[in-house]
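Participant: Mind looking at a prediction? Sequence and model below.
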Amino acid sequence: MAKVKIYIDGKEILANENGNLLYEARANGIDIPGLCYHHKLSPTGACRLCLVKVEGMRGLVASCTLTVKEGMQVTAFDNELEETRRFLLDYLISEQNLEYDGTYNDELRDLMFRYGLDKSENRHFSPLSPAKFKIDSSSPVLSYDPSKCIKCFRCIKACDEVQGKNVLSFNERGINSYIVAGTGVWGESECDGCGECIQLCPTGAIVEKPNREKIKLDKIEKRVRTTCPYCGVGCQIELLVQDGKIVRSNGVEGVLPNNGRLCVKGRFGYEFVHSPERLTSPLIRKNGALVEVSWDEALDYIAHRFLEIKQKYGSDSLAGYASAKCTNEDNYIFQKFIRLAFGINNIDYCARLCHASTVTAMLKSIGDGAASNSIEDFENTECLIATGNNIIETHPITATYVKRGAAKGMKIIVIDPKWTPLVQYATVWLQPRLGTDVALLNGMIREIIANGWIDTGFIEQRVEGGMKAFLELKQLVEKYTLENTEKLTGVPVEKIKEAAEIYGNAKTAMVATGMGMSQQVTGTHNVFSLLNMILIAGKIGKERSGINPPRGQNNVQGATDVGCHPALYPGYIPVSNAENRKHVAEVWGVPLDDLPDKPGLTTVEIMKAAYDGKIKALYIMGENPMISDPNLNHTEEALKKLEFLVVQDIFHTETTKFAHVILPASSWAEKNGTFVNSDRRVLRVRKAVESPGQAREDWKIIHEIAKRMGVNFPSYADESEIFDELASVTPIMAGISHKRLEHHGIQWPCPTPDHPGTSTLYLDKFNTPSGKAKLFPVEYVEQSERATPEYPFILNSGRILYHYHTGTMSRRNKTLTGYTNQPYLLMHPNDAKKLGIEDNELVRVISARGHLSTHIRISPEVLEGELFMPWHYTESQVNRLTRDELDPYSRIAPFKLSAVRVEKIYT
Amino acid sequence: MRVHRIPLQVQENTISNKVDLTLLNPLIEKYKGKKGNLIPLLQGVQATYGYIPRKAFELLAAETGLTLSDMYGVATFYAQFRLSPVGKHIIKVCHGTACHVQGADSISAALKEALRINDGETTPDKFFTLETVACLGCCSLAPVMMIDEETYGKLTGSSAVKIIKDIKIKETQEKESRS
């Protein structure tokens, strides 16, 4: 960034061109006071404390409202300025409730001491009798005390400019004015509890509710910077630890991916760590009952049983589920264990159930299965297509970039059969019927081609086969005329035209593709079709243009990166690659023959093999297939048939019920390591608190079992040594080490220690063997599962903001359950009328696989004939209804499409 | 309304009321998408119901894209807007300088006691709403109050109470004779 010279109180300062004067002054150690300014917000100029004198300008000016200019001469401190500031502060304080309980940072109070106004003899204004304000504590997460509010606008702007929610405003006028959310009651407003306003409040008017009674800032033992354990955004958080427990979580300002922003889960979802329900001791099932045993007994027993089964039935009978919740180091050790101790590639995890199809299509078409661009591009691009991706609820912080972009004029196209909050920001919302994505995208492609919105140069230079390949695609989509597409998808012609025009004409465009696209029998084809559109429009391989599939879990990206995949070694190298196997064997210090070269079974295939009696023993680390797998009745049978099941987790789950041995593991707050987020950013995880009872770090447990099975891993001193070994077999991370990650994350590929990391992929070439992208023209195929007289509805499933996957963590937070903790079935009002069902009525939902009961919510958010249910809830397990019929290319299951019927329950 | 968010549970005692929202359709049609429509919309809602129901705020938010908090902020900024239903008759007790000197406080106190409501509230039978205003502009008659369009001057606490009692008796009799 270009620099300009400015002078403050005679001192020469090299400031960033177009920088904010107050920001630049403070960044250079000149501590001009100020309360309403925050570097994330537009300048307000309300508190007037940052007044300065600038040569050539009349009077005193608020430095927060000025942009630095070359040669600017500024006086920041002299008697007149300091007296004016003291006077203004004195005025502010006279209206202020000065009680302080030590639970929050109070910038006003700090200034009061700095200017000696804590002493009454220095004050000119006697305190005004406080107006009768009521504290609003109706929100589950925060309370607002108007008597401590200085009306600085920081909370209002935090909500509006930073988070794009616009929930807060001023109420009343003059001295009686105060902040309100929605129509006056915080708990009834649209506030979703992200707490950005708490983080930016300078006076403690808005404070967190959790731990309010307990926390004392002067008793905080440590502040630990780590990465959020929920979704794949990878937000950087700072945990405050008091008496050995986490008492608060703040966003870390100034670093990507979140620049201090958090969502409700990141800020308030840490309570589960200290839940009394945590597993604290190894348990072995003896005569049907779980008995607490010592670590030695449990580990010896596991090693003995694994070896026994391996000997009796062979390596083919063993398999492992890795975990997208665990660190790269844990997962790396886990895959090494499965490959060496089990001697087979039967290792997979939940990525198979979320983005397997996306990854399969992207690998084939463009060469990498990860996000092509960086998270900031969601703010700076001209156009965004969000398809099958409820980004505001599932990736709330990525969504803040989107909303900020929308405020600057970004055009948003939402493609979703169900209403999502992003529709409120969208230019156009296409609502196709479930399972018709390929038809819709082919229709859009045809429209783009017909209007000449293609990028011929890009197709010729960067697409395999050039115009010839393009013509094949053109021919295939010919029959998807606007009218035909409308017939197939239900999306009106005008909307398809509008969307194609916006995307086709945008200079830069991003695509966010989610579970709605991937979790279908045609998942891979859906993404192929999407990539076809991106490629012919030339909207990839440059900054602010590309495709990002936001990843669901904190480390779902990393777990595959480090080789928890039945067909890939660390760094996406196929198991069949002999040269790589040779290298890995050398690093691992084992003979080449010890490394299995045949692809293993995938998640659902492992379960099916267990059901068929082919898999006898399963080692599950931090997964809960008894909620997350499709067709749970089948999964249940499969788990029951296992001769030996080891589950390593932090809580009892629906899956531990079937385990022969349960091992207590450490939660994310109790371990060191790294996660990789959705935009390939490797981020540090740091230990904040001790594990409860005898719980241990996952990798240490695996290490012990390996040793007892006669496979000796090196004795790693700490996680950074594991990472170094990992980096040496993972070319995309070869240049990364824990040391380099100290201050900020690095985006892979990062091949050497002096490489800065890669924010945008494919700038020069695609990662395919030819270096060019490939088109895969695909036809729309009607779904095999469809509505019948017996099962007349199509059920969709998905996630909500307040809960997380199988709920093991999120449902153990009072703040999150305070918002919502009940399963429901969303139904269109017309369908409800036909069935004579009232809102909130209890119903039974039945598919050919199973049934469940839940309450109805009537809303036009879904189309007629379609239904939606969140899948987090154990009391209404959606996956009792889903199918395990798989996408033939990626082996993903169709969670998004099940034919069901709904019956009233008469009690 | 095409779509609506599932709102958090709303407590019974707040300003959410059952109102016929379809009455607002022409108003929304007229102002939707127009710049500077916030105040005309709020005025239109108030003209329809006599106050601005919470449900109306929510409808306007969904239909026009205005945020709840912006509308609420404006509605509370201007004295002309009401957020709760008003009674059939609005009593405005003047507390201007002249009336204040002549004992407006005792007039308000007497009315509050007789009606068993506070300033700004409405009687449970929805008959009277009591309000304090700054000046009604007829200081020579102080202390003064206005009921609907009628002005009453030179009041005492008991004469003010008698006036509202007479109104109530008269209307009750009319109602009985009608039925």
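Facilitator: Done, it's in.
Participant: CA atoms for contacts and neighbours, from now on please.
Facilitator: Noted.
Participant: biggest helix in chain A, by residue count?
Facilitator: In chain A, taking DSSP state H as the definition, the longest helix is helix A:295-313.
Participant: Could I get the buried residue list for that one?
Facilitator: A:W295, A:A298, A:L299, A:Y301, A:I302, A:A303, A:R305, A:F306, A:L307, A:I309, A:K310 (16 or more other C-alpha atoms under 10 Å in any protein chain shown).
Participant: The helix or strand just after it packs against which elements?
Facilitator: Tracing the chain past helix A:295-313, the next element assigned as helix or strand by DSSP states H and E is strand A:318-321. On a contact count with 3 or more C-alpha pairs under 8 Å, 6 or more residues apart in numbering or on different chains; DSSP states H and E, strand A:318-321 meets helix A:295-313, strand A:347-348, strand A:617-621.
Participant: Extract the CA atoms of the next helix-or-strand element following strand A:318-321 and return them as CSV.
Facilitator: For strand A:318-321, the following helix or strand on the C-terminal side (DSSP H and E) is helix A:328-337. Extracted C-alpha coordinates of helix A:328-337, given in CSV (Å, rounded to 0.1, in the frame of the first residue of the first chain):
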residue,chain,number,x,y,z
ASN,A,328,-5.2,-32.0,11.2
GLU,A,329,-2.7,-33.6,13.5
ASP,A,330,-5.3,-36.0,15.0
ASN,A,331,-6.6,-36.9,11.6
TYR,A,332,-3.2,-37.4,10.1
ILE,A,333,-2.3,-39.8,12.9
PHE,A,334,-5.7,-41.5,12.5
GLN,A,335,-5.2,-42.2,8.8
LYS,A,336,-1.7,-43.3,9.4
PHE,A,337,-3.0,-45.7,12.0
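Participant: Give me the buried positions along the worst-scoring helix or strand of chain A on mean pLDDT.
Facilitator: Between all helices and strands in chain A, the lowest mean by mean pLDDT, DSSP states H and E belongs to helix A:351-354, at a mean of 86. Buried residues in helix A:351-354, counted by 16+ other C-alpha under 10 Å: A:A351, A:R352, A:L353, A:C354.
Participant: Looking at the residues you listed, which is nearest chain B?
Facilitator: Chain B lies nearest to A:C354 out of the buried residues of helix A:351-354, by C-alpha to the nearest C-alpha, at 26.1 Å.
Participant: For the closest one, which residues are in contact?
Facilitator: For A:C354, the contact set (C-alpha atoms under 8 Å, 6 or more residues apart in numbering or on different chains) comprises A:M515, A:S518, A:Q519, A:G552, A:I892.
Participant: Distance from the chain centre to the helix or strand hosting B:L27, please.
Facilitator: Applying DSSP H and E as the criterion places B:L27 in helix B:25-31. Relative to its chain's centre, helix B:25-31 lies at 23 Å (C-alpha atoms, centre = their mean, to the nearest Å).
Participant: Touching it from outside, list them.
Facilitator: Helix B:25-31 is contacted by residues B:N37, B:P40, B:L41, B:G44, B:L60, B:E63, B:T64 when judged by C-alpha under 8 Å, 6+ apart.
Participant: ok, which stretches of chain B are helices?
Facilitator: B:25-31, B:38-49, B:54-64, B:68-77, B:97-101, B:104-115, B:157-178.
Participant: Domains in the chain, by residue range?
Facilitator: No chain in the question, so chain A it is. As given by automatic domain parsing, the domain ranges for chain A are A:3-122, A:142-274, A:283-354+A:554-747, A:356-442+A:492-548, A:793-904.
Participant: Sorry, I should have been clearer: chain B.
Facilitator: Taken from automatic domain parsing, chain B resolves into B:8-77, B:89-178.
Participant: Reformat those as TSV; add mean neighbour count and distance to A:P140.
Facilitator: Output for those, formatted as TSV (neighbours: other C-alpha atoms under 10 Å in any protein chain shown; distance: least, C-alpha to C-alpha, whole Å):
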stretch	mean neighbour count	distance to A:P140
domain B:8-77	16	11
domain B:89-178	17	30
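Participant: looking at the helices and strands packed on strand A:318-321, which is closest to chain B?
Facilitator: strand A:617-621 (36.2 Å).
Participant: Quick one: list the elements packing against that closest one.
Facilitator: Against strand A:617-621 (3+ C-alpha pairs under 8 Å, 6+ apart) you get strand A:318-321, strand A:644-649.
Participant: Relative to the longest one, what are the paired strands and their orientations?
Facilitator: Going back to what we said before, that points to strand A:644-649. strand A:617-621 (parallel), strand A:661-664 (parallel) (DSSP bridges).
Participant: Turn those strands into a markdown table, columns for mean neighbour count.
Facilitator: Listed next are those as a markdown table, based on neighbours: other C-alpha atoms under 10 Å in any protein chain shown:
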| stretch | mean neighbour count |
| --- | --- |
| strand A:617-621 | 25 |
| strand A:661-664 | 27 |
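Participant: Just put those in JSON lines and tack on distance to A:V291 and mean pLDDT.
Facilitator: Listed next are the strands paired with strand A:644-649 as JSON lines, based on distance: least, C-alpha to C-alpha, whole Å; pLDDT from 0 to 100:
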{"stretch": "strand A:617-621", "distance to A:V291": "19", "mean pLDDT": "96"}
{"stretch": "strand A:661-664", "distance to A:V291": "9", "mean pLDDT": "97"}
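Participant: pLDDT at residue 140, what is it?
Facilitator: I went with chain A, as the question did not name one. pLDDT recorded at A:P140 is 91.
Participant: Wait, chain B was what I had in mind.
Facilitator: pLDDT recorded at B:S140 is 93.
Participant: The one 4 residues further on too?
Facilitator: According to the prediction, B:V144 has pLDDT 95.
Participant: who's in contact with it?
Facilitator: By C-alpha under 8 Å, 6+ apart, the contact set of B:V144 is B:V93, B:C94, B:C99, B:A104, B:L136, B:C138, B:T151, B:Y152, B:G153, B:K154, B:L155.
Participant: I'd like the distance between the closest residue to A:K904 other than its chain neighbours and A:E903.
Facilitator: Leaving aside its sequence neighbours, A:K904 sits nearest to A:V843 (C-alpha to C-alpha, 6 or more residues apart in numbering or on different chains; 4.7 Å). Remark: distance between A:V843 and A:E903 (C-alpha to C-alpha, to the nearest Å) = 6 Å.
Participant: same check, this time on A:P432
Facilitator: Taking C-alpha to C-alpha, one finds A:P432 at 26 Å from A:E903.
Participant: Of those two, which one has the most company?
Facilitator: A direct count of neighbours by other C-alpha atoms under 10 Å in any protein chain shown for A:P432 and A:E903 places A:P432 higher, at 22 against 14.
Participant: re earlier: can you redo the contacts of helix B:25-31 as CSV with pLDDT?
Facilitator: Output for those, formatted as CSV (pLDDT from 0 to 100):
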residue, pLDDT
B:N37, 90
B:P40, 93
B:L41, 94
B:G44, 92
B:L60, 91
B:E63, 86
B:T64, 87
